[in-house]
Every structure is written in C-alpha cells, then in structure tokens.
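A.B. asks: Generate coordinates for the sequence data below:
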Amino acid sequence: MVLGASPNPMRFSYKAVKSLQRHNVPVVPVGIKNGEIGGIEILKNKPHLDHIHTITLYIGPARQKEYYSYILSIQPARIIFNPGTENKELMDMAREEGIEVLEDCTLIMVNGGRY
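C.D. replies: Numbering: from 1, shown residues only. A predicted model of the protein is given here:
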C-alpha cells in the first residue's frame, strides 16, 4: 500500500506506484485526492484493507498522527518510511506491534531489487 498516493505524475508517491506496477508488485494507492495511477483508482477515507504486506509512507510526520490507528490496524509486516516521513513515535509504535520498520526509499528499493 502506498499511503499518501497522488495523481500528480511529478510526486514520488505516483512514481512509486508506477514502479511497483512495472515490477509486478501488487499495489494499492491510498490518498486524499481523487484520481488514478496506472489504471488503479486512488482509494480515500482510510479504506478497510486486508492482507497488506507493506505500507510505504509518503505523508510527513505532521500529518501521520491522524493515521496512526489506521496504519496499525492494517497490521502490515513492514512500514517503509521514505525520506522526509521519518517519525520516531510511529516507528516505536510499529515496532511494539512487531512490525518491521525501514527508513529507506521505495523507488531505490524497487529499482535495485531490494523491495
């Protein structure tokens, strides 16, 4: 799941969704704006999702607080904090729930075969 997905092709969240698609990784874009990325509708309003392995964050720490419960309720195996999204409070909460926490760049991970 890409949290903070944007329909703007200039945004890194858009590029991440496209990169995941190119590498045949199932992806669910979740954001606040209407639109689509590569034929996938951007879901809004904290949709209920099951079987999400990874959440990759593209929302800054100031906006993350309103998503804490939502993120943790999904129970992903890992959360990737992309540059600019690092947040010790959420990282600690995730670790307490047994969720792997990575500070990395999704684009570099996918394109480098480390995703």
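A.B. asks: give me the number of residues near the closest residue to Pro61 other than its chain neighbours?
C.D. replies: Leaving aside its chain neighbours, Pro61 sits nearest to Asn87 (4.1 Å; criterion: Cβ to Cβ, 6 or more residues apart in numbering). Where C-beta positions appear, they are placed from N, C-alpha and C, glycine not excepted. Residues near Asn87, counting by other Cβ atoms under 10 Å, number 21.
A.B. asks: Next up, phi/psi of Asn87, please.
C.D. replies: With angles defined as degrees, to the nearest 10, Asn87 sits at phi -150, psi 100.
A.B. asks: ok, now which ones touch it?
C.D. replies: Contacts for Asn87 were tallied using Cβ atoms under 8 Å, 6 or more residues apart in numbering; they are Pro61, Gln64, Phe81.
A.B. asks: how far away is it from Glu103?
C.D. replies: Taking Cβ to Cβ, to the nearest Å as the measure, Asn87 falls 10 Å from Glu103.
A.B. asks: anything in contact with each of these two?
C.D. replies: Common contacts of Asn87 and Glu103, defined by Cβ under 8 Å, 6+ apart, comprise Phe81.
A.B. asks: Against which helices or strands is the longest helix belonging to the chain packed?
C.D. replies: If you go by DSSP state H, the chain has its longest helix at helix 12-22. Counting contacts by 3 or more Cβ pairs under 8 Å, 6 or more residues apart in numbering; DSSP states H and E, helix 12-22 is packed against strand 2-3, strand 36-37, helix 106-111.
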